[in-house]
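> Test case, fold it:
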Amino acid sequence: MTGTLIPLRSDRSAASALATVDVTAVELLQEGLATTLSGARLAAIQGDLLAKREQLTAEIADLQARPSSGDAGIDAVNSPLCAEANTGLAYIDQFLEQVENCATRVE
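So this is what the prediction gives:
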């Protein structure tokens, strides 16, 4: 085995997910919005999930509001796409519940 580290992301210009969380966590600590690094990390993750939830909710509303396009192929895709988006929303809600559970243990 060599002593080489293998990066988790192949795109070196993009920050890793953990680095992004830590940057936000440090900002929360500096602003006094969190008292511990663990709490700040959880708050950063929660904020990110809430933003993603809001975005996905808007996408679902847009899909549901679309009238028939007149193209059977496109219309056939919209219904399962909406169903999958709702499944994604359920996953986000589960992740948010996990973050809240972790936050209560950290406090």
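> Report the mean per-residue pLDDT for the top helix by length along the chain.
Determined from DSSP state H, the single longest helix within the chain is helix 72-106. For helix 72-106, mean pLDDT rounds to 92.
> Please tell me how far it is from the chain's geometric centre.
In this view, helix 72-106 has its centroid 10 Å away from the chain centroid, taken as C-alpha atoms, centre = their mean, to the nearest Å.
> got the buried residues for it?
Cys82, Ala85, Leu89, Ile92, Phe95, Leu96, Val99, Cys102 (16 or more other C-beta atoms under 10 Å). Every residue, glycine included, has its C-beta placed from N, CA and C.
> Would you quantify the distance from Asp75 to Asp62?
15 Å (C-beta to C-beta, to the nearest Å).
> The one residue sitting closest to the centre of the chain: helix or strand, and which one exactly?
For the chain, the residue nearest the mean C-alpha position is Leu49 (3.9 Å; C-alpha atoms, centre = their mean). Assessed by DSSP states H and E, Leu49 sits inside helix 37-65.
> avg pLDDT for that helix?
Mean pLDDT, helix 37-65: 94.
> How about the secondary structure of Ser68?
coil (DSSP: H, G, I helix; E, B strand; the rest coil).
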